[in-house]
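quick check, what structure comes out for this input:
(2 chains)
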Amino acid sequence: MPVIEAHGVGHRYVDRVVLAGVDVRLEERRVGIVGANGSGKSTFARMLNGLVLPTEGRVSVDGLDTRREGRAVRRRVGFCFTDPDAQIVMPTVAEDLAFGLRRRGLSRAEVRERVHRALAAHDLAGHADHPAHLLSGGQKQLLALASVLVTEPDVLVMDEPTTLLDLRHARRVSRVVEGLPQQVVLVTHHLDLLDGFDRVLVFDEGRIVLDDVPAVAVPYYRKLMA
Amino acid sequence: MTALGLYRPGTSPLHRAPGGLKLAVLLLAGVGAVLLHRPWQVLVALAAVVLGYAVAGLSPRVALGQLRPLAWLGAVTAVFQLVVSGWERAVVVVGVLAALVLLAALVTLTTRTTELVDAVVACCRPLRRLGVDAERVGLVLALGVRCVPVVVTLAGEVRDAQRARGLAASPRAFAVPLIVRSLRHADALGDALAARGVDD
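Numbers count the residues shown, from 1 in each chain, chains lettered A, B, ... in the order given. Sure, this is the predicted structure:
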């Protein structure tokens, strides 16, 4: 598994401290992140592929610094957002799947092949030429996830991917995530998604207040939020 | 969303024609339209475009759907031309407008956005020496097409929220949240593009 490291990481937006003193090394296959709104968990997740750069300290993935080697980091770390509408950038399903591949300079034949496989793998085969905006919310999130996975990242960071989904589609996304060979870092409010995870970080007021297995971290977080 | 001219899959000769060729025809038609001065010429042009819809296997309903957003503009222009220049001029102006909109929609209905983007990128490549980023121009075009239905959806949600709160139709109460939500969407889209390595 890739190794994600944060050394003395802090972040502030103008005067507001969002993260402070985060030191962590993540090398497990499944890592969950929980915390209240505004606890800094999403900011931390965004740091993992260089979307947000720390104002203090450094973040690296397999030794690649997110500040100096952002491009290489983004090639290794895929990111899935909460709102699928904001991450689907092309008008049709197949075109969105092809978007990331085309930008990586793959041949047309290879792009076609990988898109075809992704459509089949995510039950989108019948929707290849459909306008993406006409898909249901759950299908959009599956497309957004497929569009990230089709580029075959080593790490998948997901920021509350099931928050806007109904139970059925949330379970579907969860099943997809379960079957992935990649390292997954999942930020979520749906604590049942963390069953079977190797490790859970609990964020509170910009700090990691607990770092343990789900059996310990989830009850702790429930108590913290009570 | 048919009215927005989004791609309709098909296997017609028009679907199979290269995107660059279709864009070139559209460009030539736009330039050539200034040569149309008589109603019969405009009617021939309209008939040719309608024939294109038939060749592409698109129904008359789809064709009419492309003109719907133009209805008010067409009506105002027709009345103005009728009063100022007479019926012949009104037919020519409104007819040319309709023919060009129908033709542009025919191009987008029969061409994948990726193909159009590739054609635009290829056209822009010689401009690299002037500092034009051809790939970025293509991306902007693709995002423009993608964002139209998003903004339409946002507008619908804002209108529904207004109705749910019992607010009367107020342009300000409609425009402000629509602009704020559109900007928020643009911000999130920017993050998504960055996450997918667009700026690299």
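
same for the helix or strand containing B:Ala90, what does it pack against?
Using DSSP states H and E, B:Ala90 sits within helix B:87-110. Counting contacts by 3 or more Cβ pairs under 8 Å, 6 or more residues apart in numbering or on different chains; DSSP states H and E, helix B:87-110 is packed against helix B:13-16, helix B:19-32, helix B:39-55, helix B:60-67, helix B:71-85. Any C-beta I mention is one placed from the backbone N, CA and C, and that applies to glycine too.

out of the ones you listed, flag the one nearest chain A.
Smallest distance to chain A across the helices and strands packed on helix B:87-110 (Cβ to the nearest Cβ): 10.7 Å, for helix B:13-16.

any chance of the helices and strands packed on helix B:87-110 in CSV, with mean pLDDT, mean neighbour count and distance to A:Gln183 too?
Listed next are the helices and strands packed on helix B:87-110 as CSV, based on pLDDT from 0 to 100; neighbours: other Cβ atoms under 10 Å in any protein chain shown; distance: least, Cβ to Cβ, whole Å:
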stretch, mean pLDDT, mean neighbour count, distance to A:Gln183
helix B:13-16, 94, 14, 42
helix B:19-32, 93, 15, 40
helix B:39-55, 95, 16, 51
helix B:60-67, 88, 16, 47
helix B:71-85, 91, 13, 54
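
as JSON lines, those with distance to A:Ala109 would be great.
As requested, the helices and strands packed on helix B:87-110 are exported to JSON lines (distance: least, Cβ to Cβ, whole Å):
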{"stretch": "helix B:13-16", "distance to A:Ala109": "19"}
{"stretch": "helix B:19-32", "distance to A:Ala109": "19"}
{"stretch": "helix B:39-55", "distance to A:Ala109": "29"}
{"stretch": "helix B:60-67", "distance to A:Ala109": "32"}
{"stretch": "helix B:71-85", "distance to A:Ala109": "45"}
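
turn these into CSV, columns for distance to chain A.
Shown next, in CSV, are the helices and strands packed on helix B:87-110 (distance: least, Cβ to the nearest Cβ, whole Å):
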stretch, distance to chain A
helix B:13-16, 11
helix B:19-32, 13
helix B:39-55, 19
helix B:60-67, 14
helix B:71-85, 23
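
which one of those helices lies nearest to A:Gly21?
helix B:19-32 (53.6 Å; Cβ to Cβ).

if we can go back for a sec, angle of the helix holding B:Ala90 against helix B:60-67?
110 degrees (axes from the mean of the first three to the mean of the last three Cα atoms, to 10 degrees).

flag every residue of chain A that's near chain B.
A:46, A:49, A:51, A:70-71, A:74-75, A:78-79, A:81, A:83, A:85-92, A:95, A:98-100, A:102-104, A:129, A:131-134, A:147-148, A:151 (Cβ under 8 Å from any Cβ of the partner chain).

coming back round to it: using CSV, write out every CA atom in the helix holding B:Ala90.
C-alpha atoms of helix B:87-110 as CSV (Å, rounded to 0.1, in the frame of the first residue of the first chain):
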residue,chain,number,x,y,z
TRP,B,87,-42.9,41.5,-44.9
GLU,B,88,-40.2,40.3,-47.3
ARG,B,89,-37.4,41.6,-45.0
ALA,B,90,-39.1,40.1,-42.0
VAL,B,91,-39.2,36.7,-43.6
VAL,B,92,-35.6,37.0,-44.6
VAL,B,93,-34.2,38.1,-41.2
VAL,B,94,-36.3,35.7,-39.1
GLY,B,95,-35.8,32.8,-41.6
VAL,B,96,-32.0,33.2,-41.7
LEU,B,97,-32.0,33.3,-37.9
ALA,B,98,-34.0,30.2,-37.6
ALA,B,99,-32.0,28.4,-40.3
LEU,B,100,-28.7,29.1,-38.6
VAL,B,101,-30.0,28.1,-35.1
LEU,B,102,-31.4,24.9,-36.6
LEU,B,103,-28.1,24.2,-38.4
ALA,B,104,-26.0,24.8,-35.3
ALA,B,105,-28.3,22.6,-33.3
LEU,B,106,-28.0,19.9,-36.0
VAL,B,107,-24.3,20.0,-35.7
THR,B,108,-24.4,19.5,-31.9
LEU,B,109,-27.2,16.9,-32.1
THR,B,110,-25.1,14.8,-34.4
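
after that helix comes which helix or strand?
helix B:113-124.

give me the low-pLDDT residue ranges for chain B?
The model of chain B has pLDDT under 70 over residues B:1-5, B:168-169, B:199-200.

what are the ranges of the helices in chain A?
Applying DSSP state H to chain A gives helices spanning A:41-47, A:70-76, A:93-103, A:108-121, A:137-149, A:167-178, A:214-225.

any idea how far the fourth one is from the chain center?
Centre-to-centre, helix A:108-121 and its host chain are 22 Å apart (Cα atoms, centre = their mean, to the nearest Å).

domain ranges for chain B, per the record?
B:2-111, B:133-195 (automatic domain parsing).

which helix is the longest one in chain B?
helix B:134-164.

measure how the next helix or strand after that one sits relative to helix A:137-149, angle-wise.
Per DSSP H and E, the first helix or strand lying C-terminal to helix B:134-164 is helix B:171-195. Calculated by the same axes, to 10 degrees, helix B:171-195 forms an angle of 30 degrees with helix A:137-149.

elements contacting helix B:171-195?
Using 3+ Cβ pairs under 8 Å, 6+ apart as the test, helix B:171-195 ends up in contact with helix B:134-164.

quick one, the helix it packs on and helix B:171-195 angle?
140 degrees.

mind giving me the packing neighbours of helix B:134-164?
By 3+ Cβ pairs under 8 Å, 6+ apart, helix B:134-164 packs against helix B:113-124, helix B:171-195.

now mean neighbour count too, for those helices, in a markdown table please.
Formatted as a markdown table, the helices and strands packed on helix B:134-164 follow (neighbours: other Cβ atoms under 10 Å in any protein chain shown):
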| stretch | mean neighbour count |
| --- | --- |
| helix B:113-124 | 19 |
| helix B:171-195 | 15 |
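
so for A:Ala36, which of those sits nearest?
Evaluated with Cβ to Cβ, those place helix B:171-195 nearest to A:Ala36, the distance being 21.2 Å.

now do that closest one: distance to the chain's middle.
That offset, for helix B:171-195, works out to 21 Å (Cα atoms, centre = their mean).

now the helix holding B:Ala90: buried residues?
Going by neighbour count (16 or more other Cβ atoms under 10 Å in any protein chain shown), the buried part of helix B:87-110 is B:89-110.

next, the angle from that helix to helix B:113-124.
Orientation of helix B:87-110 against helix B:113-124 (the same axes, to 10 degrees) gives an angle of 110 degrees.

may I see the buried residues of stretch A:87-103?
A:87-103.

no, scratch that, I was asking about stretch B:148-157
Buried residues in stretch B:148-157, counted by 16+ other Cβ under 10 Å: B:Val148, B:Pro149, B:Val150, B:Leu154, B:Ala155.
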